[in-house]
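**Q** Sequence and predicted structure below; questions after.
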Amino acid sequence: MTGDRSQDTHVRAHAAASSRRRLLTAAALAPVLTMAGGTGAARAADAAHGQPAPPMRPVQPVPTAPADWAAVAEVLGRPGNMLRDTTYHTGFPRRDLLVVSDGVVVTPGLALGTHAAFIRYADGTTMLMGDMVVTERELQQVADAWQAHGIELTALHKHLLAQTPDLWWVHVHGHGRDAVALARGLRAGLDRTGTPPPVPPDRRTPVDLDVAGMEAALGARGSVEDGLFKVVFVRRETITDGHLVLPPGLGSTSAFNFQPVGGGRAALSGDFAMLAEEVPQVLRALRRGGVKLVELHNHHLAESPRLFFTHFWAVDDGVRLARTLRTAVDATAQTVP
């Protein structure tokens, strides 16, 4: 009998300890899950008990106007602009850096265009997404500052091949009910970089490229800004990040930037947004056209469908590059915005 009572006491103690561990695990997970997807303690408890979390209904973005983001603009110290009525976009080009890659002096618009986007959702929350250019010396302290303010790093990679100085591109993500707090967190990291004050874009500088021929080859109209020719393609699918529906073009574009280098030639930098099954065809098309591959990676942690991105580089005749890019675009489900 004594042995039975002892065994029973041991079983009860083990069960109580297991229960305490589950409660502690749920408590630890709750803030993490709330920041990542606004799911709350109930989903944390499900995770702690090994139960699948119930699916959440997709939440749609809502239209906003620049006035809705005035407090965000004040915190960031510069104005932004609206994209497709839902995305408040702000640029932070690294004009403070003299960057050379493959013997080409890289202008800020070609590959140094740090930017951030804010989107308001029907549930009253705001999402922040951004792609930030930081030097290797800045990287660690910038990452620490963002993480201290609840802004997560979702990708860390290169956009250029061998370049001086050493640069990294960091994708950031935040989600919460206080858009101004997200802006303060973003600013906390930017203040640890040499990002300069804003200047108005220059749309008057002529571009020494056969723009008409390049647009014909691409089958799309582009834009001229800061002495560069730019073209953007947008995924046709609806993309979600967790339970949040991304506005068309946010985090799911293929962007091509052409910087004139003389004689109708251009330095090309950009990236493709691809589904997994499209990746091999796009990479082959780029290499057949002599385009150099730089990176293959993800920008998000929880998007659906899953997207892959490849960054690339080339210096060649502008129309020839445009034809190569069109061949690669044809291997994907994309269209002009």
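**A** On my side now, so go ahead. No experiment lies behind these values; they were computed from the predicted model shown.

**Q** So which residues of the stretch 51-200 of the chain form helices?
**A** 70-76, 108-111, 136-148, 179-190 (DSSP state H, counting those that start in this stretch).

**Q** isn't Q60 right next to L246, touching?
**A** No. Counting by CB atoms under 8 Å, Q60 does not reach L246; the two are 10.2 Å apart. (Glycine included, C-beta is placed from N, CA and C.)

**Q** The two: who's more crowded?
**A** Between Q60 and L246, counted using other CB atoms under 10 Å, L246 has the larger neighbour count: 22 against 12.

**Q** for that one, what are its contacts?
**A** 61, 119, 238-240, 252, 303 (CB atoms under 8 Å, 6 or more residues apart in numbering).

**Q** Can you check the pLDDT for R5?
**A** At R5, the pLDDT value in this model is 47.

**Q** Can you give me the distance of F118 to A331?
**A** 32 Å (CB to CB, to the nearest Å).

**Q** ok, these two, which is more surrounded?
**A** Neighbour tally, F118 and A331, criterion other CB under 10 Å: the higher count belongs to F118, 26 against 19.

**Q** Thought T86 was touching that one, still the case?
**A** No. Between F118 and T86 there is no contact under CB under 8 Å: 9.9 Å.

**Q** Not counting residues beside it along the chain, what's closest to R78?
**A** P198 (4.1 Å; CB to CB, 6 or more residues apart in numbering).

**Q** what pairs with the spatially closest residue to K158 that is not a sequence neighbour across the strands?
**A** With sequence-adjacent residues excluded and distances taken as CB to CB, 6+ apart, K158 is closest to E295, at 5.5 Å. Note on E295: beta-bridge partners by DSSP bridges are H311.

**Q** One more: D316?
**A** Going by DSSP bridges, D316 forms beta bridges with A266.

**Q** ok, it to Q60 distance?
**A** Here D316 is placed at a distance of 42 Å from Q60 (CB to CB).

**Q** mind putting the helices of the stretch 51-200 of the chain in JSON lines, mean pLDDT included?
**A** Output for the helices of the stretch 51-200 of the chain, formatted as JSON lines (pLDDT from 0 to 100):
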{"stretch": "helix 70-76", "mean pLDDT": "98"}
{"stretch": "helix 108-111", "mean pLDDT": "94"}
{"stretch": "helix 136-148", "mean pLDDT": "97"}
{"stretch": "helix 179-190", "mean pLDDT": "98"}
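
**Q** so who does the residue nearest to K158 touch?
**A** 157-159, 309-311.

**Q** Counting neighbours, which of the residues you listed comes out on top?
**A** Neighbour max across the contacts of E295 (other CB under 10 Å) = H159, 24 neighbours.
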